[in-house]
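Visitor: pasting a predicted model and its sequence here:
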Amino acid sequence: MKLSRLFPHVIAWAPMRRYFTPAVVESIQRAVAEGERRHAGQIRFAAEAALPASEIVRGTTPRQRAEQVFTQLRVWDTHANSGVLIYVLYADRAIEIVADRGIAAKVAQSEWTSICERMQQRFAAREFERGSLEGIAAVSDLLAVHFPPVAGQQNELPDNPVLL
């Protein structure tokens, strides 16, 4: 285990709550709901301050943790396999986007990576709300192209962001 990775995880709790305030969480929820009116996909947003020490010792990567959260939040559980998770691991300054197989078959990983990089630039400037909202908008733009809205579509997953 690298101490350089452990230390940020020990101190990450307070700063993350400062950046993801109730007002920011509400803005994210509205952005998800508004975006989902433009496409047939389902977006979940999850932010986690830090990993437990046991996960750091195991060497869990932000991608592996995002995949765990994807499963935990049941983002895969949509009729058209159209769920997308935007996952933020504050302590590692990492952003991952995990798409269900229906979407992954149509959207290249490079497009998700580009969105993550733009979000990371905003986050590095301490613009967490703006970065989150721009990321959700970019994911919605991609989904609107590949998964246009369908008549009678239902909201299958909650729109509220999850702070783990």
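Guide: In hand now; what should we look at?

Visitor: following element in sequence after the one helix or strand in the chain whose mean pLDDT sits lowest, please.
Guide: For the chain, counting by mean pLDDT, DSSP states H and E, helix 3-11 ranks last in confidence among helices and strands (a mean of 67). On the C-terminal side of helix 3-11, the closest following helix or strand by DSSP states H and E is helix 13-19.

Visitor: in PDB, list the C-alpha atoms belonging to that next one.
Guide: The C-alpha trace of helix 13-19 is given here as PDB (Å, rounded to 0.1, in the frame of the first residue of the first chain):
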ATOM      1  CA  TRP A  13     -14.500  13.600   4.000                       C
ATOM      2  CA  ALA A  14     -14.800  17.200   5.000                       C
ATOM      3  CA  PRO A  15     -13.700  18.800   1.700                       C
ATOM      4  CA  MET A  16     -16.100  16.700  -0.400                       C
ATOM      5  CA  ARG A  17     -19.100  17.700   1.700                       C
ATOM      6  CA  ARG A  18     -18.000  21.400   1.300                       C
ATOM      7  CA  TYR A  19     -18.100  21.100  -2.500                       C
END
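
Visitor: how far away from the center of its chain is it?
Guide: 17 Å (CA atoms, centre = their mean, to the nearest Å).

Visitor: begin at 10 from now on, thanks
Guide: Got it, the first residue is 10 from now on, which makes the last one we talked about helix 22-28.

Visitor: quick one: the helices in the protein?
Guide: For the chain, the helices defined by DSSP state H occupy 12-20, 22-28, 31-45, 62-67, 71-81, 110-113, 118-133, 137-155.

Visitor: out of the ones you listed, which is closest to residue 51?
Guide: Minimum separation from residue 51 across those (CB to CB) falls at helix 31-45, 6.7 Å. Bear in mind the C-beta positions are built from the backbone N, C-alpha and C, glycine included.

Visitor: the closest one: how far from the chain's middle?
Guide: 12 Å.

Visitor: what angle do that helix and helix 137-155 make?
Guide: 10 degrees (axes from the mean of the first three to the mean of the last three CA atoms, to 10 degrees).

Visitor: output the below-cut-off pLDDT ranges for this protein.
Guide: Along the chain, the parts satisfying pLDDT under 70 run over 10-13, 15-16, 19-23.

Visitor: re the thing from before, would you turn the helices of the chain into JSON lines with distance to residue 95?
Guide: What follows is the helices of the chain, written out as JSON lines (distance: least, CB to CB, whole Å):
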{"stretch": "helix 12-20", "distance to residue 95": "20"}
{"stretch": "helix 22-28", "distance to residue 95": "15"}
{"stretch": "helix 31-45", "distance to residue 95": "9"}
{"stretch": "helix 62-67", "distance to residue 95": "20"}
{"stretch": "helix 71-81", "distance to residue 95": "9"}
{"stretch": "helix 110-113", "distance to residue 95": "13"}
{"stretch": "helix 118-133", "distance to residue 95": "8"}
{"stretch": "helix 137-155", "distance to residue 95": "6"}
